[in-house]
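Student: Prediction below, plus the sequence it came from.
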Amino acid sequence: MKRIKPTFYFVLILIIILPFTCDYQFVNPLDPEVSPDEWAPTNLTATAIDDQTIRLNWTDNCLFELGFRIERKIGNGDFAQLCEVDADVTNCEDSGLNSDELYIYRVKAFTQNNESGYSNEMVDPWHVIDFDGNVYKTVKIGTQVWMAENLKVTHYRNGNDIPNVTDGTGWSNLTTGAYCNYDNNPNNANTYGRLYNWYAVIDNRNIAPTGWHVPSDADWQILIDYLGGYAFAGGKLKEAGTTHWISPNTGATNESGFSALPAGYRYYNGSYFSLGGDAIFWSSTAGDLGTAWYRNLSYLSTNVSRGNNDEQNGFSLRLVRD
């Protein structure tokens with residue numbers, strides 16, 4: 001009988017410990033080397049229920065948690081606990097929100113004596129943040145979600161720099177990705193975003209943050225069709241008024257919420273043109289003989305123009321959600 005007692009006590013210890021451990025610890029519940037990150041929640045997502053409510057969902061990686069703690073940060077503030085939910089509950093809703101505010105969420109599991117690491121951080125569905133930390137508003141138009149501001153990132157998704165090429169001759173000789181500020185004035189980027197050649201668009205290091213991409217020619221066509229076709233979509237896409245657009249800014253209503261701004265463009269020879277007069281956006285779709293497809297909005301028209309032009313040109317970028 002003496003040889004049975006150690007086995008009995010070991011089983012008893014397991015029964016006591018199991019409710020307060022997680023699946024990785026269940027493999028070896030006495031292992032002090034198990035990291036809290038190994039049983040942290042993953043795949044946190046945020047979906048808009050309406051313009052005041054967000055539904056959060058995540059994946060539970062803990063077998064015997066007591067519950068989850070959800071934290072929220074507003075703007076540049078600090079994270080604070082929003083709520084706590086019971087074990088095996090992998091969603092919650094946050095309501096009474098202002099879609100103009102930036103909200104960022106994270107989740108952690110907890111047991112009686114421990115807390116997991118945090119999940120991925122998730123931005124609310126009304127905004128997107130690029131690698132540099134620039135925050136952009138978004139807008140849903142039909143079935144698509146678009147950035148409602150021009151891109152101004154200076155790094156690819158992996159952290160590599162996108163070169164800022166100011167010299168005109170240097171710009172015209174490029175065969176790799178680069179950006180510039182209109183007239184080489186960084187202050188223009190604050191309002192109008194930056195101008196990118198097409199090599200930056202197609203670089204496999206990705207200019208768009210995770211979950212977003214540069215729109216293809218087909219993506220642009222879906223948008224134009226939804227807004228009534230080429231003859232009318234321009235007016236619905238352009239920011240209204242003449243704060244940024246040259247008068248008369250014909251037919252501009254911005255009823256789509258896209259808020260297109262006239263950032264002008266940089267010609268392949270390095271010269272700058274048409275700030276206030278034209279908004280020209282790259283697609284990710286190649287044309288023929290060193291060209292790519294774009295869309296152009298003008299201060300003189302409600303039209304949207306489709307064309308292809310040299311890959312060395314510097315145009316604006318809008319992103320669309322995957």
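Tutor: Thanks, I have the structure now. Residues are numbered from 1 along each chain as shown.

Student: Spit out the contact partners of the residue most central in space within the chain.
Tutor: Centroid-nearest residue in the chain: residue 128, 3.6 Å away (criterion: CA atoms, centre = their mean). Counting by CB atoms under 8 Å, 6 or more residues apart in numbering, residue 128 touches 135, 136, 138, 147, 209, 211, 212, 319, 321. For glycine as for every other residue, the C-beta is placed from the backbone atoms N, C-alpha and C.

Student: just the helices in the protein please.
Tutor: Remark: helices assigned in the chain by DSSP state H are 5-17, 23-27, 168-172, 186-192, 198-202, 217-226, 230-237.

Student: that older thread, just the buried residues out of the contacts of residue 128, in ChimeraX syntax.
Tutor: Remark: buried members of these, expressed as a ChimeraX selection using 16 or more other CB atoms under 10 Å:
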select :136,138,147,209,212,319
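
Student: Filter the contacts of residue 128 down to the ones in strands?
Tutor: 135, 136, 138, 147, 212, 321 (DSSP state E).

Student: dump the residue contacts of the fifth one.
Tutor: Spelled out, it's residue 212. By CB under 8 Å, 6+ apart, the contact list for residue 212 reads 128, 147, 319, 320, 321, 322.

Student: And the furthest pair within the residues you listed?
Tutor: Greatest spatial distance in the contacts of residue 212: 147 and 322, 12.8 Å, computed using CB to CB.

Student: Am I right that residue 230 is in contact with residue 307?
Tutor: No. Counting by CB atoms under 8 Å, residue 230 does not reach residue 307; the two are 11.5 Å apart.

Student: ok, these two, which is more surrounded?
Tutor: residue 230 (16 against 12; other CB atoms under 10 Å).

Student: If we ignore the residues flanking it in sequence, what's nearest residue 159?
Tutor: Counting by CB to CB, 6 or more residues apart in numbering, residue 131 is the residue found nearest to residue 159 once chain neighbours are left out, at 6.6 Å.

Student: Am I right that residue 208 is in contact with residue 157?
Tutor: Yes. Under the criterion of CB under 8 Å, residue 208 makes contact with residue 157 at 7.0 Å.

Student: Those two - which one has more neighbours?
Tutor: With neighbours defined as other CB under 10 Å, residue 208 and residue 157 compare such that residue 208 has more, 24 against 17.

Student: Enumerate every residue touching the more buried one.
Tutor: The contact partners of residue 208, by CB under 8 Å, 6+ apart, come to 157, 214, 319.

Student: now do 6 Å
Tutor: residue 319 (CB atoms under 6 Å, 6 or more residues apart in numbering).

Student: show me where the stretch 201-322 of the chain has strands.
Tutor: Along the stretch 201-322 of the chain, counting by DSSP state E, counting those that start in this stretch, strands occupy 212-213, 265-266, 272-273, 278-286, 291-298, 304-310, 320-321.

Student: Could you identify which of those strands is most buried?
Tutor: strand 265-266 (a mean of 26; mean count of other CB atoms under 10 Å).

Student: hmm, who's touching it?
Tutor: Under the contact criterion CB under 6 Å, 6+ apart, strand 265-266 has outside partners 180, 195, 272, 273, 280, 314, 315.

Student: Burial check on the closest residue to residue 82 other than its chain neighbours, number of neighbours?
Tutor: Closest residue to residue 82 in three dimensions, ignoring its sequence neighbours and counting by CB to CB, 6+ apart: residue 72, at 4.3 Å. By the measure other CB under 10 Å, the count of residues near residue 72 is 19.

Student: Ok, residue 103 next?
Tutor: Neighbourhood size, residue 103 [other CB under 10 Å]: 21.

Student: mind checking pLDDT for it?
Tutor: Listed pLDDT for residue 103 reads 97.

Student: So which of the strands of the stretch 201-322 of the chain is nearest residue 88?
Tutor: For those, the distance to residue 88 is smallest for strand 320-321, at 29.9 Å, taking CB to CB.

Student: In contact with residue 194, which residues?
Tutor: 152, 179, 181.

Student: Number of residues surrounding the second one?
Tutor: Residue 179 is surrounded by 24 other residues when neighbours are defined as other CB under 10 Å.
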